[in-house]
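In: Okay, predicted coordinates and the sequence, questions at the end:
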Amino acid sequence: ADPGGPGNPNSAVLVQYQSGPEDRSLRRQMAMEVLGAAIEQPFYGELRTRQQLGYIVFAGVRELEPGGARALNLVVQSGVADP
């Protein structure tokens, strides 16, 4: 059976906010890191703990290229809600 077939109730969403090539300053990079740190726990607490929407709930910043642009990623994988 295809685990991703029509009867599979799972869905996932990834929302990614990227800093552009002009945003490589240390100030911009650190602002993105602070934003990610500030929303990580409330995002998880609301969607995973309180609403129990998904098995995978993640909010955080990832470096897209060494010393360069970053992305704030918001991820939810759920078997009980559609994106």
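Out: That came in fine, so what should we check first?

In: going forward, measure contacts between C-alpha atoms and count neighbours the same way
Out: OK.

In: Next, the residue nearest in space to the middle of the chain: phi, psi?
Out: Nearest to the geometric centre of the chain sits L74, at 1.8 Å (Cα atoms, centre = their mean). Backbone dihedrals for L74, given as degrees, to the nearest 10, come out at phi -120, psi 120.

In: Surely it and I56 touch.
Out: No: applying Cα atoms under 8 Å, one finds L74 not in contact with I56, separated by 10.5 Å.

In: re earlier: if I pick the residue nearest to the centre of the chain, what's in contact with it?
Out: By Cα atoms under 8 Å, 6 or more residues apart in numbering, the contact set of L74 is L14, V15, Q16, V57, F58, A59, G60.

In: redo that, cut-off 7 Å
Out: Neighbouring residues of L74 by Cα atoms under 7 Å, 6 or more residues apart in numbering: L14, V15, Q16, F58, A59, G60.

In: Check the gap between the residue lying closest to it once chain neighbours are set aside and R70 for me.
Out: Among residues not flanking L74 along the chain, A59 sits closest, at 4.5 Å (Cα to Cα, 6 or more residues apart in numbering). Distance from A59 to R70, counting by Cα to Cα, to the nearest Å: 13 Å.
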